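Asks: Sharing a model that was predicted from the sequence below.
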Amino acid sequence: MCFKKWSTWFCHVRQNIDGKIILTSYGYNTGLSIDPIEKKPLYHFYPTSRVLSFGTVGCNLGCKFCQNWNTSKSKINPEKLNKTSPELIAYLAKKHKCKSVAFTYNEPTIFLEYAIDTAKACKELGIKTVAVSAGYINPEPRAELFKYIDAVNIDLKAFNNDFYKRNCMASLEPVLDTIRYVKHETNAWLELTTLLIEGENDSELEIKSECEWIVENLGECVPVHFSAFHPSYKFNEKTATKIPTLLKAIQIAKSTGLKYVYAGNVSNIETSTTYCKNCGKPIIIREGYYIAAYNLDENSRCEFCETKCDGHFENIFI
């Protein structure tokens, strides 16, 4: 294969400089932000905790519906961005009492070296790490990244390969491989998100197939978030996802046996509440990203029936 010396390729952040592939965005980011962990979304990973979030620019997918296209599709010179070392990010997380640091806003596999070095710096200070990823990554870098990660939310963008080809310039099977890998080969806590786009990936058959695959390959206790699409990028003329579409997806998911199913990008207490997988009573009631009621004891057990809730929790005083 012939490489152009200064090509930045599809992702816009790697160059062949003197025969070496260099990450030009290393150390640069689009800004640091302190978020509630629920915003990632992660609902079963230390609820109410603070997470220091950051991303860079670029992506390895070509999603026509990208909700963060201003950064993921940016061709800006990374040197015009904020520069923050991995050690400083870890220090800032500690200083501002953040439980974790999240690699988010754009695909963390794109800034793999920066993410890994930051994760190592965080570990030294007792800070946990979170990756929000599309899961489209080869096995070797996948193993290198996820061994440092404590929690992952993977965007399962659809459950048909044609959608991935037409709308993401990618394919489905590598994403499924990554999801299985994270669940079975790492210690990271896993949650999944599917952005529902009406007329594209919201058919009852497709949602049912996706949920059945999750139950069969991952188990019934992996949290799944169905998020509302808002017109963006090359899908600017598409219709925003309606509440009934999300409610139907949740109904299908629960009928397949999934225990923790949520709706995202909408304000709805019922669809953002965690219900006990045994007695069905509300154990974590959320209003937006915030906790209104918390009915788990110090051992993460339901206060109504003493069934343990799956995930990572700490005692919370509301």
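Replies: All right, it came through fine. For clarity, every value in this text was computed on a predicted model and none was experimentally measured.
Asks: all contacts plus neighbour counts: C-alpha atoms, from now on.
Replies: Will do.
Asks: Just give the closest residue to residue 237, not the sequence neighbours.
Replies: Once flanking residues are discounted, residue 237 sits nearest to residue 231: 6.4 Å by CA to CA, 6 or more residues apart in numbering.
Asks: next one: residue 157
Replies: According to CA to CA, 6+ apart, the nearest residue to residue 157 is residue 194 (5.2 Å).
Asks: Which residues does the helix or strand where that neighbour lies contact?
Replies: Assigned by DSSP states H and E, residue 194 belongs to strand 189-196. For strand 189-196, the surrounding residues in contact (CA atoms under 8 Å, 6 or more residues apart in numbering) are 41-42, 45, 150-158, 182-183, 202, 222-229, 241, 246, 311-312.
Asks: which ones are touching residue 213?
Replies: Counting by CA under 8 Å, 6+ apart, residue 213 has no contacts.
Asks: tell me which residues of stretch 182-197 are tucked away?
Replies: For stretch 182-197, burial by neighbour count (16 or more other CA atoms under 10 Å) applies to 182-183, 186, 188-197.
Asks: Would you point out the most distant pair within those?
Replies: Farthest pair in these (CA to CA) is 186 and 197. Separation: 30.8 Å.
Asks: Which single one of the buried residues of stretch 182-197 is nearest to residue 210?
Replies: Of the buried residues of stretch 182-197, the one sitting nearest to residue 210 (CA to CA) turns out to be residue 194, at 9.7 Å.
Asks: Against residue 86, how distant is that closest one?
Replies: Distance, residue 194 to residue 86, by CA to CA, to the nearest Å: 30 Å.
Asks: Show me where the stretch 1-150 of the chain has its helices.
Replies: 69-72, 86-95, 112-124, 139-146 (DSSP state H, counting those that start in this stretch).
Asks: Turn the ones you listed into JSON lines, columns for distance to residue 216 and mean neighbour count.
Replies: Converted to JSON lines, the helices of the stretch 1-150 of the chain look like this (distance: least, CA to CA, whole Å; neighbours: other CA atoms under 10 Å):
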{"stretch": "helix 69-72", "distance to residue 216": "33", "mean neighbour count": "19"}
{"stretch": "helix 86-95", "distance to residue 216": "37", "mean neighbour count": "18"}
{"stretch": "helix 112-124", "distance to residue 216": "30", "mean neighbour count": "20"}
{"stretch": "helix 139-146", "distance to residue 216": "22", "mean neighbour count": "15"}
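Asks: In JSON lines, list those helices along with mean pLDDT and distance to residue 316.
Replies: Output for the helices of the stretch 1-150 of the chain, formatted as JSON lines (pLDDT from 0 to 100; distance: least, CA to CA, whole Å):
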{"stretch": "helix 69-72", "mean pLDDT": "63", "distance to residue 316": "35"}
{"stretch": "helix 86-95", "mean pLDDT": "98", "distance to residue 316": "20"}
{"stretch": "helix 112-124", "mean pLDDT": "97", "distance to residue 316": "24"}
{"stretch": "helix 139-146", "mean pLDDT": "96", "distance to residue 316": "28"}
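Asks: isn't the residue nearest to residue 237 right up against residue 197?
Replies: No. Contact between residue 231 and residue 197 fails when scored by CA atoms under 8 Å: they sit 9.4 Å apart.
Asks: joint contacts of those two?
Replies: Common neighbours of residue 231 and residue 197 (CA under 8 Å, 6+ apart) are 239-240.
Asks: Among the contacts of strand 189-196, the buried ones, what's the ChimeraX command?
Replies: The ChimeraX command for the buried members of the contacts of strand 189-196 (criterion: 16+ other CA under 10 Å) is given here:
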select :41,42,45,150,151,152,153,154,155,156,157,158,182,183,202,222,223,224,225,226,227,228,229,241,246,311
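Asks: Break down the stretch 201-318 of the chain into its helices, ranges please.
Replies: Under DSSP H, counting those that start in this stretch, the stretch 201-318 of the chain gives helices at 204-218, 243-255, 269-272.
Asks: who wins for proximity to residue 282 among the ones you listed?
Replies: helix 269-272 (9.2 Å).
Asks: Show me how this protein divides into domains.
Replies: 14-270, 273-318 (automatic domain parsing).
Asks: How far does stretch 303-318 sit from its chain's centre?
Replies: 23 Å (CA atoms, centre = their mean, to the nearest Å).
Asks: Check what pLDDT residue 288 gets.
Replies: pLDDT, the model's per-residue confidence, is 87 for residue 288.
Asks: Relative to residue 60, how far out is it?
Replies: Applying CA to CA to residue 288 and residue 60 gives a distance of 31 Å.
Asks: more neighbours, the two?
Replies: residue 60 (22 against 17; other CA atoms under 10 Å).
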